[in-house]
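1. could you work out the structure for the sequence below:
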Amino acid sequence: MDLLTPLAKHFKILRIGQSARADLEKKFGLKVNPKEEQAQIKIQKVLQEAQIVVCASFSLHSNSLEKSQILYDTVIIDDASMISEADTVSALKHGCLRAVLLGNQMLTQGLFLLNPSSAHRTLF
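-> Here you go, the predicted structure:
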């Protein structure tokens, strides 16, 4: 179910990284060619204008987000059991005041733990 489209009536939404859904990529995807001259400046401008930025965990370390000085007061992490603590901290380092962790008890918890013996210490 597409939950972004109803939100787009009230907020400017940007999706960073690839999406399995072409319709969401077309509506909300970053429309700047990274090889284009002045691309980073344009990307930062688009990030600055966005009220909601959506990305998959593997996109958290993209140059667009890593180089950004933009602060996000709320971070929502979907499928939180599928993301490592390090990636969670990476998502929160941009000024997060509120974090919302969403999970699915049917998914394998701690899938990305590097040390399975530390599963009892995971945040999730």
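2. what is the subsequent helix or strand relative to the least confident helix or strand in the chain by mean pLDDT?
-> Lowest mean confidence among the helices and strands of the chain (mean pLDDT, DSSP states H and E): helix 63-66, at a mean of 69. Using DSSP states H and E, the helix or strand that follows helix 63-66 in sequence is strand 74-77.
3. let me see the mean pLDDT of the next helix or strand after that following strand.
-> Sequence order places helix 85-92 as the next helix or strand after strand 74-77, per DSSP H and E. Averaged across helix 85-92, the pLDDT comes to 79.
4. flag every buried residue along helix 85-92.
-> Glu85, Asp87, Thr88, Ser90, Ala91 (16 or more other C-beta atoms under 10 Å). In short, each C-beta sits where N, CA and C put it, glycine included.
5. and the gap between the fourth one and Leu65?
-> Just to be clear, that refers to Ser90. 8 Å (C-beta to C-beta, to the nearest Å).
6. then the first one?
-> Using C-beta to C-beta, we find Glu85 at a distance of 18 Å from Leu65.
7. what do you get for Glu36?
-> 18 Å.
8. between these two, which one's more packed in?
-> In this view Glu36 and Leu65 are compared by other C-beta atoms under 10 Å, and Leu65 has more residues nearby, 21 against 11.
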